[in-house]
Each structure stands twice: as structure tokens, then as C-alpha cells.
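Student: Pasted the sequence and its predicted model underneath.
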Amino acid sequence: MTSVRDIPTQRVGVQAPPAARSVRLTKVFGEGDTRVVALDAVDVAFRAGQFTAIMGPSGSGKSTLMHCMAGLDAVTDGHAHIGDTELSSLNDRQLTMLRRDKIGFIFQAYNLLPTLTALENITLPMDIAGRRPDQAWLDTVIDTVGLRPRLNHRPSELSGGQQQRVACARAMANRPEIIFADEPTGNLDSKSGADVLAFLRRSVMEMGQTIVMVTHDPVAASYADRVLFLADGRIVDEMLSPTRERVLERMKAFDRQPEA
Ligand SMILES: Nc1ncnc2c1ncn2[C@@H]1O[C@H](COP(=O)(O)OP(=O)(O)OP(=O)(O)O)[C@@H](O)[C@H]1O
């Protein structure tokens, strides 16, 4: 007989815990005259299987939020959680392992190792961790990013878009609980950028990936399920099912009504 325990939480009306969340997350840089409150008591949750874009004017705290959520930067006050784990409860070694095992990163500069092939770059984090890749999953990821014919190429033999797709595959190969992407299409032409974004979108739809992406680009943001808008270290707005036009309008409002 099926017990309540066997029923997925959604079906018994209990919300799955978010893949990541923050509670009154505060980050202050400098002191005295140079003191900057980059994040001002931010409460945010990133639901599992959701694609979130973070937008806002330059200096609004987007990268700082991502770095604090990913355990790349220490918080001044408040808490950041990945799944059930509160990051400030971890020592350096535990934090490194959490980043390695549970988080995938995609940066604007692809950060591939030039001497390794595409495949070696993709499996590098697992090789370092001494873990064998799940071959079926790896095949799924490689086919989803469309890299199979290029697996033995080195980064210099790949286009920018292909290199970024290698970086995406590397971020996903370990089945992380969440992927943080910082301007992943910032260096790409619009066609290559669209390929990468379509892949990220598919990984959410087909593989249930959770993605948080910082971007300045309303087109990139339109691939997300929701957009969070930051200004002066606070979340000031949220948009569900964003379109390029609506995001563009919202961004223009920042220019018309600059936050205090
Ligand atoms: N290491 C640092 N030392 C001092 N101040 C910093 C540091 N990093 C960020 N800041 C400040 O914190 C604020 C938020 O910066 P952050 O880089 O998070 O903004 P952003 O929204 O990502 O900006 P951009 O869109 O220009 O990349 C800014 O005022 C910035 O100058």
C-alpha cells in the first residue's frame, strides 16, 4: 500500500524546500567613508526547477547576491542556504566541498583550461573530486548542448558559443542542485547567445535544473521563468513569465525613477 511518505511532496500539498534561499542577507564592503551596503537584508528563495534572472542597474548588488548565495563571498549579516545547509555553519573545507558537489558555475569568461579537450574540461571537476561521471547523464548533457562532434577539440578550436556550451555542460555534469550563471552570454554574439540560453532553458524544462542567472540583457532574461529586479541592494520588483519588451520597460523605469 502506498503510504503518505511515498507520495511526492507536491501531491500532499507541501511545498518542496527551495534549492537556495537567503534570510535578511546583508553584505557591507569597506567602512567609514568607503562603506557600501551592497546587499540590504535581502530575503529571496530560488525554487527547485525554476530559472531566475537577476537584473538591475550597475552596482545594484547582483553579483554580490550571487557570490554570497554561492558561498564565494562571506556575508556580513543574515543567512544564505543551499538546500537545507546554512553556509555560515560550514568551515572552509566543508564550503569547498559544498560548492564542488552541489553548485555549478557559469561565468562570462568561459574559464576553460586551454590544454584540455572539451570532454576533459567537462569532466574536470569530477576528475578532481575523484568521482566517476554518471555516463548516461553525461551523454544526456553532451547531447543537449549539441557538443558530441566537438568533444575532442581544444577550446582554441571552438567558437565562443561552443566554448560557453562546454562551460554549461561542465556546470551540469555533476547534477548540481543549483547553477549560478554570471552574464553567461555577455561575450557572445546574439546567435551564439541564443543557443546557450536555449540550452539553459531546456535543461530547466527537461532535466529540472535550477538556474540563477545575472544578466543585463532583456533578451536573456526573457528565457527565465521569473526576473528579480535589484536596486541599491534590495529586491524591488519581480516579474513572472517575462518578455523582452516588459523587461525593457521595467529597466527603463530605473532610469526614469532612480532609486534613492
Ligand atoms: N570587493 C568590493 N569592495 C568594495 N565594494 C564593492 C566590492 N564589490 C562590490 N562592491 C560594491 O558593492 C555594490 C554592488 O556591487 P555588485 O558588483 O554586486 O553590483 P552589480 O549589480 O553586479 O553591478 P554590475 O552590473 O556593474 O556588475 C557596488 O556599489 C560596488 O561598488
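Tutor: Here it is on my side, so go on. Numbering: from 1, shown residues only.

Student: nearest spatial neighbour of residue 26, skipping sequence neighbours?
Tutor: In this structure, residue 26 finds its nearest non-sequential neighbour in residue 77, 3.9 Å apart by Cβ to Cβ, 6 or more residues apart in numbering. From N, CA and C alone the C-beta is placed, and that goes for glycine too.

Student: That neighbour contacts residue 24, correct?
Tutor: Yes. Taking Cβ atoms under 8 Å as the definition, residue 77 is a contact partner of residue 24 at 6.9 Å.

Student: list residues touching both of the two?
Tutor: The contact sets of residue 77 and residue 24 overlap at residue 41 (Cβ atoms under 8 Å, 6 or more residues apart in numbering).

Student: So what's the residue count around the closest residue to residue 236 other than its chain neighbours?
Tutor: In this structure, residue 236 finds its nearest non-sequential neighbour in residue 229, 5.5 Å apart by Cβ to Cβ, 6+ apart. Neighbours of residue 229 under the rule other Cβ atoms under 10 Å: 23.

Student: I'd assumed residue 23 was in a strand, is it?
Tutor: Yes. Judged by DSSP: H, G, I helix; E, B strand; the rest coil, residue 23 forms part of a strand.

Student: Which strand residues bridge it?
Tutor: residue 79 (DSSP bridges).

Student: Wait, it touches residue 78, no?
Tutor: Yes. Between residue 23 and residue 78 there is a contact under Cβ under 8 Å: 5.6 Å.

Student: These two: which is more packed in?
Tutor: Ranked by neighbour count (other Cβ under 10 Å), residue 23 and residue 78 place residue 78 first, with 18 against 14.

Student: Surely that one touches residue 40?
Tutor: No. Using Cβ under 8 Å, residue 78 is not in contact with residue 40, being 9.9 Å away.

Student: which residues are in contact with both of these two?
Tutor: In contact with both residue 78 and residue 40: residue 26, using Cβ under 8 Å, 6+ apart.

Student: Close to the ligand: what parts of the stretch 1-150 of the chain are there?
Tutor: Taking Cβ under 6 Å from any ligand atom as the contact definition, the stretch 1-150 of the chain meets the ligand at 29-30, 36, 38, 56, 58-64.

Student: Mind checking which of those residues land in helices?
Tutor: Secondary structure defined by DSSP state H assigns 62-64 of those to helices.

Student: does the most centrally placed residue in the chain have beta-bridge partners, and which?
Tutor: Central residue of the chain (Cα atoms, centre = their mean): residue 180, 1.8 Å from the mean position. Beta-bridge pairing for residue 180 (DSSP bridges): residue 105, residue 212.

Student: Check what pLDDT it gets.
Tutor: Note on residue 180: pLDDT of 95.

Student: So it is in contact with residue 69, correct?
Tutor: Yes. Counting by Cβ under 8 Å, residue 69 is a contact partner of residue 180 at 7.0 Å.

Student: shared neighbours, the two?
Tutor: residue 212.

Student: Could I get the buried residue list for stretch 175-189?
Tutor: 175-188 (16 or more other Cβ atoms under 10 Å).

Student: nope, stretch 144-160 is what I was after
Tutor: Residues 144-145, 147, 150, 153-155, 158, 160 are the ones in stretch 144-160 that count as buried (16+ other Cβ under 10 Å).

Student: Residues contacting it, please?
Tutor: 110, 112-119, 121, 142, 162-163, 165-166, 168-169, 187-189, 192, 195, 199, 202-203, 206-207.

Student: The same query, at a cut-off of 7 Å, please.
Tutor: For stretch 144-160, contacts defined as Cβ atoms under 7 Å, 6 or more residues apart in numbering pick out 112, 114, 117-119, 142, 162-163, 165-166, 168-169, 187-188, 192, 199, 202-203.
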